[in-house]
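Engineer: no sequence for this one, just the structure:
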């Protein structure tokens with residue numbers, strides 16, 4: 001199956017206009033102010049955080065987008081799309097600093113309206129150009145002075161407590177750049193988890209890392225209090241992995257499969273997720289089929305559009321985003337499999353699938 005440019009228009013077939021519009025917003029963004037932004041980092045970035053029909057959404061800030069916001073509604077020219085849009089307001093915890101003068105915003109950031117997110121270690125052993133994931137800018141935010149290289153457990157606990165108390169944060173995401181040790185960053189996550197949950201007992205937290213060399217770290221993360229875990233592969237096609245993630249692709253898919261299986265055993269079904277990026281060149285039907293196999297494993301495939309952002313190797317080399325037709329096709333195919341398995345991202349309680357902002361899956365019923 002090949003889905004090329006988005007030639008299908010509204011009313012030309014059995015297309016859910018709401019899903020189509022949401023896919024176009026994810027790719028083309030909207031002409032709207034966004035007080036909460038994330039200009040760079042390890043994942044889909046350069047976005048403004050808003051609520052679309054009351055749900056978290058991370059949309060590109062694009063003054064050239066065909067979509068605009070008037071009176072709290074999304075318009076395409078003179079057409080009211082039927083979607084509402086409200087900007088997420090700047091949280092109060094951003095006004096605070098630690099005792100050593102570090103702004104709280106440099107330690108953790110608000111994602112959507114109620115998710116606190118942090119990259120515990122902002123460097124990665126795979127960031128040399130020959131090894132770097134072509135869509136990643138994990139160290140660019142460090143170079144720009146927007147964050148610090150390593151967040152201490154005490155700093156994370158302090159910020160998490162304030163974010164919950166002042167801004168009603170209801171979940172947290174902890175990711176990390178890959179470190180040199182065999183745990184690949186899990187050890188730092190364990191220490192950070194314990195500190196945060198001592199300060200904010202019961203806060204749902206998702207942790208994210210590469211498959212640790214010793215799978216015992218998955219149990220350690222669970223015992224430290226993690227609610228869910230993301231082990232992100234981005235593509236299930238080895239040729240795509242080698243092209244887009246030359247360093248990360250040296251970790252065989254078999255290691256990911258072993259880590260997913262162990263994580264499902266420890267955390268339970270639908271408490272484990274992985275990113276799948278749409279637009280890297282993977283055959284869409286194979287991507288959907290691969291997502292189905294993940295679902296059968298108990299792993300939630302969080303399908304997200306690739307969007308080249310400033311500072312990435314992909315943007316430097318002129319790579320483009322997928323068409324809205326391709327994104328819609330894959331999203332609807334994966335969402336159908338999720339519904340058939342009665343697997344819902346919100347049930348994870350914490351993490352990317354629970355937030356849903358970077359994907360169109362929730363709009364498609366996944």
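Structural biologist: All right, it came through fine. In this text the structure is predicted, and so the values were computed from the model without any measurement. Numbers count the residues shown, from 1 in each chain.
Engineer: only C-alpha atoms for contact and neighbour calcs from this point on.
Structural biologist: Will do.
Engineer: among the helices and strands of this protein, which one scores worst on average pLDDT?
Structural biologist: strand 37-38 (a mean of 68; mean pLDDT, DSSP states H and E).
Engineer: And the next helix or strand past it?
Structural biologist: strand 47-52 (DSSP states H and E).
Engineer: what packs against that next one?
Structural biologist: Here strand 47-52 touches strand 37-38, strand 55-60, strand 79-87, going by 3 or more CA pairs under 8 Å, 6 or more residues apart in numbering; DSSP states H and E.
Engineer: What are the boundaries of the helices in the chain?
Structural biologist: For the chain, the helices defined by DSSP state H occupy 17-28, 140-143, 153-167, 186-199, 216-223, 238-244, 253-267, 284-297, 313-316, 324-340, 352-355.
Engineer: what residues does the fifth one touch?
Structural biologist: For helix 216-223, contacts defined as CA atoms under 8 Å, 6 or more residues apart in numbering pick out 183, 186-187, 189-190, 193, 207, 212, 228, 259, 262-263, 266-267.
Engineer: now the angle from it to helix 253-267?
Structural biologist: Angle of helix 216-223 versus helix 253-267, following axes from the mean of the first three to the mean of the last three CA atoms, to 10 degrees, is 30 degrees.
Engineer: buried sites along helix 216-223?
Structural biologist: 217-222 (16 or more other CA atoms under 10 Å).
Engineer: Same question for stretch 107-127.
Structural biologist: 107-124, 126-127.
Engineer: Verify the contact between residue 110 and residue 93 for me.
Structural biologist: No - in this structure residue 110 lies outside contact range of residue 93 using CA atoms under 8 Å: 9.3 Å.
Engineer: quick one: common contacting residues for those two?
Structural biologist: Between them, residue 110 and residue 93 share no contacting residue, judged by CA under 8 Å, 6+ apart.
Engineer: can you count the residues close to the closest residue to residue 309 other than its chain neighbours?
Structural biologist: Once flanking residues are discounted, residue 309 sits nearest to residue 315: 5.9 Å by CA to CA, 6 or more residues apart in numbering. Counted by other CA atoms under 10 Å, the residues lying close to residue 315 total 16.
Engineer: Ok, residue 69 next?
Structural biologist: Residues near residue 69, counting by other CA under 10 Å: 18.
Engineer: Now do it, the pLDDT please.
Structural biologist: Listed pLDDT for residue 69 reads 94.
Engineer: if I pick it, what's in contact with it?
Structural biologist: Going by CA under 8 Å, 6+ apart, residue 69 touches 30-32, 75, 85.
Engineer: ok, residue 190 touching residue 224?
Structural biologist: Yes - between residue 190 and residue 224 there is a contact under CA under 8 Å: 5.9 Å.
Engineer: Out of those two, name the residue with the larger neighbour count.
Structural biologist: Remark: of residue 190 and residue 224, residue 190 carries more neighbours, 21 against 17, as counted by other CA under 10 Å.
Engineer: The more buried one and residue 221: what is the separation?
Structural biologist: 5 Å (CA to CA, to the nearest Å).
Engineer: next one: residue 80
Structural biologist: 46 Å.
Engineer: circling back to that earlier point, of the contacts of residue 69, the lowest pLDDT goes to which?
Structural biologist: Minimum pLDDT across those falls on residue 32, with 84.
Engineer: how many other residues sit next to it?
Structural biologist: 22.
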